[in-house]
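Undergrad: sharing a sequence plus its predicted fold:
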Amino acid sequence: MRFFDVYYKDTEQRMKILNLYPKDFKKGYLLYKKGKLPKAFPGDSGSWYLLDYRSTIKFNLNDNDYPPFISVIPYIIDLDAAQDLDRKKMAQKLLKIIIQQMPIDKNGDLIFDIDEAQALHNNAVNMLGKAIGIDVLTTFADVDVADMSDKGNQSNIDELEKVERTVYNEAGVSQMQFNSDSNTALNNSILNDEASMYDLLLQFESFLNLLLEPFNKSPKKCYYKAQFLNTTIYNYKEVSKLYKEQMQVGFSKMLPQVALGQSQSSILANAYFENDILDLVRVFIPPMMSSTMNAEALAGRGNITGKEQNKTDTSGSGTG
């Protein structure tokens, strides 16, 4: 119940949000504000309210209450730090320093005095004042830059890529699913993700059928059942093609179009409109195949009687 206090600071807005929830939530929130909720576990502040199990349902993955990608959070934090470091390194690569080293004579004495060196430095700074990423250093000493990188083990692998790959590996999701350079790896990754979501799909289906159960009081007359097709944005064309092949041997004519995203009512309405209203069945005649009728009979032509049919069947000749 503390959720409502954390995310809705304004009292009026909080009550409007609570009114959008079932009454049980409002009841639990009022008990929480009065401090009457029992502590669910050691260290709990008394903010958890037990809902009525008869009117609640929970959907989860892998039969546990842990978020599926919770183990990725530490690696996302590491990735954020690595990206920040990478931006600093990129900015450092763009930085240029112009070094003016003042000459000295053979005895090691300064040729220019401090005021002259200051004037030379200011002149260089004024000349490059509008330049981006350029600094000026004026010195009398020898200058050397120490590089702390390991030159004995140079690698072409981007360090940031390693951190990104760790995030995907911990999540169990292939990085190629978002930036694919191999068809085989991408297809296998998609199949794994579809399999992980299939259990959630079955839970949704079971829940809808539970809601339809009160309407099935007369199952002999009419029985309602909800069913989800195993279609995704990646496989719907293949699934529709499989349903079409099954239709050719007598299975459902609706499933190929349902797999393509059309509703059952629109399929029936379109069939009625095209066949009975526009009479397109007489205009667009499908080719003869094992799953369709004779083309002439489908168009309403050639109404052959039984005797004529028998005569036609027995009058031919051939060799065997």
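TA: Received the coordinates, thanks.
Undergrad: any buried residues in stretch 191-206, and which?
TA: Within stretch 191-206, the residues that qualify as buried by neighbour count (16 or more other Cβ atoms under 10 Å) are D193. Any C-beta I mention is one placed from the backbone N, CA and C, and that applies to glycine too.
Undergrad: mean confidence for that stretch?
TA: Regarding stretch 191-206, the rounded mean pLDDT is 85.
Undergrad: which other residues reach that stretch?
TA: Contacts of stretch 191-206 from elsewhere in the structure, counted by Cβ atoms under 8 Å, 6 or more residues apart in numbering, are 59-62, 68, 172-174, 177, 226-228, 230, 232, 234-235.
Undergrad: same question, stretch 256-266
TA: Contacts of stretch 256-266 from elsewhere in the structure, counted by Cβ under 8 Å, 6+ apart, are 229, 231, 236, 239-241, 243-244, 247, 254, 267.
Undergrad: which parts of that stretch are buried?
TA: Along stretch 256-266, these residues count as buried under the neighbour rule (16+ other Cβ under 10 Å): 256-259.
Undergrad: let's have the contacts of stretch 256-266 in CSV, adding pLDDT.
TA: Supplementary listing: the contacts of stretch 256-266 in CSV, determined by pLDDT from 0 to 100:
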residue, pLDDT
L229, 85
T231, 87
Y236, 88
V239, 89
S240, 91
K241, 91
Y243, 90
K244, 90
M247, 88
M254, 89
I267, 91
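Undergrad: what subset of these is buried?
TA: The neighbour-count test (16+ other Cβ under 10 Å) applied to the contacts of stretch 256-266 identifies 231, 239-240, 243-244, 254, 267 as buried.
Undergrad: tell me which of the buried residues of stretch 256-266 fall in strands.
TA: Among the buried residues of stretch 256-266, the subset assigned to strands under DSSP state E is empty.
Undergrad: show me which of these is closest to K16.
TA: Of all the buried residues of stretch 256-266, V258 has the smallest distance to K16: 39.5 Å, by Cβ to Cβ.
Undergrad: isn't R14 right next to V6, touching?
TA: No. Under the contact definition of Cβ atoms under 8 Å, R14 does not touch V6, with a separation of 10.3 Å.
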